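Q: 3D model of this:
(chains A and B)
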Amino acid sequence: DAGVIQSPRHEVTEMGQEVTLRCKPISGHNSLFWYRQTMMRGLELLIYFNNNVPIDDSGMPEDRFSAKMPNASFSTLKIQPSEPRDSAVYFCASSLETSGYNEQFFGPGTRLTVL
Amino acid sequence: AQSVTQPDIHITVSEGASLELRCNYSYGATPYLFWYVQSPGQGLQLLLKYFSGDTLVQGIKGFEAEFKRSQSSFNLRKPSVHWSDAAEYFCAVAFVSGGSYIPTFGRGTSLIVHP
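A: Numbering: from 1, shown residues only, chains lettered A, B, ... in the order given. Coordinates of the predicted model:
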């Protein structure tokens, strides 16, 4: 298995532009998580989906952030408009949720720089 | 609310020396505890986890961790460090939300290994 796939790996954009980050979870996994990692705040959970349905989006910082999961094999995290303080590494992770804890498998991340 | 504290931002050890990374948690119920490792430019990888039972947990890459309820700690150890162990290490505590186990991560400890 190729693992969790994220694209792009690096994104540089200007303030005010729309940014779309993409994630393909591991085939068969039914939960998907979006995290943001910064020096100041560490690793934060933004939102997670179970069976394509958003369960908890309380970590989404502002209305400028939105996430979708149109099917079991694809998710997007969109920032519109982007701001310099959105610069961070964004991770996607997936897991197979059953009756107990199942390991989250992380993608390599997207490093976003907003100028 | 649950929280995780990793008091050491950086740890420097010589190759072959023993290692202990500290982790303290705050959680109102029985915790699920984890250690993850993040190599440069990579996502997080699970090293080991504790749910219940034996308080000494063995993980991958020769790591182990000991759960001490009285000290609210879950310290990670390795008897002999290799240069390839240089990475960022994250402790996490998980709670259940919407049927999923959601980890809260510490700020991380950066391990530097001298030859």
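Q: mind checking the end-to-end distance for stretch A:93-109?
A: Using CA to CA, to the nearest Å, the end-to-end distance of stretch A:93-109 comes to 9 Å.
Q: and if you look at stretch B:57-68?
A: So stretch B:57-68: terminal residues 12 Å apart, CA to CA.
Q: How about stretch A:77-96?
A: Here stretch A:77-96 reaches across 21 Å from its first residue to its last, counting by CA to CA.
Q: which parts of that stretch are buried?
A: Using 16 or more other CB atoms under 10 Å in any protein chain shown as the burial criterion, the residues of stretch A:77-96 that qualify are A:77, A:79, A:82, A:86-95. For glycine as for every other residue, the C-beta is placed from the backbone atoms N, C-alpha and C.
Q: filter those down to the ones near chain B?
A: Of the entries in the buried residues of stretch A:77-96, the ones placed beside chain B under the rule of CB under 8 Å from any CB of the partner chain are A:F91, A:A93, A:S95.
Q: What is the nearest of the residues you listed to chain B?
A: Closest approach to chain B among these (CB to the nearest CB): A:F91, at 5.6 Å.
Q: Counting neighbours, what do you get for the residue lying closest to B:H114 once chain neighbours are set aside?
A: Leaving aside its sequence neighbours, B:H114 sits nearest to B:S14 (CB to CB, 6 or more residues apart in numbering or on different chains; 4.9 Å). Using other CB atoms under 10 Å in any protein chain shown, B:S14 has 9 neighbouring residues.
Q: B:A29 now?
A: 8.
Q: OK, contacts around it?
A: B:F95 (CB atoms under 8 Å, 6 or more residues apart in numbering or on different chains).
Q: if I look at it, how far off is chain A?
A: The spacing between B:A29 and chain A, counted by CB to the nearest CB, to the nearest Å, is 14 Å.
Q: and that residue, what pLDDT?
A: Predicted confidence (pLDDT) at B:A29: the value is 71.
Q: mind checking how far it is from B:A87?
A: The gap separating B:A29 from B:A87 is 30 Å, by CB to CB, to the nearest Å.
Q: for B:S80, same thing?
A: B:S80 sits 16 Å away from B:A87, taking CB to CB as the criterion.
Q: Among the buried residues of stretch A:77-96, which lie within strands?
A: With DSSP state E as the criterion, strands contain A:L77, A:I79, A:A88, A:V89, A:Y90, A:F91, A:C92, A:A93, A:S94, A:S95 from among the buried residues of stretch A:77-96.
Q: Widest-spaced pair of these?
A: Taking CB to CB as the measure, these span a maximum distance of 24.3 Å, between A:I79 and A:S95.
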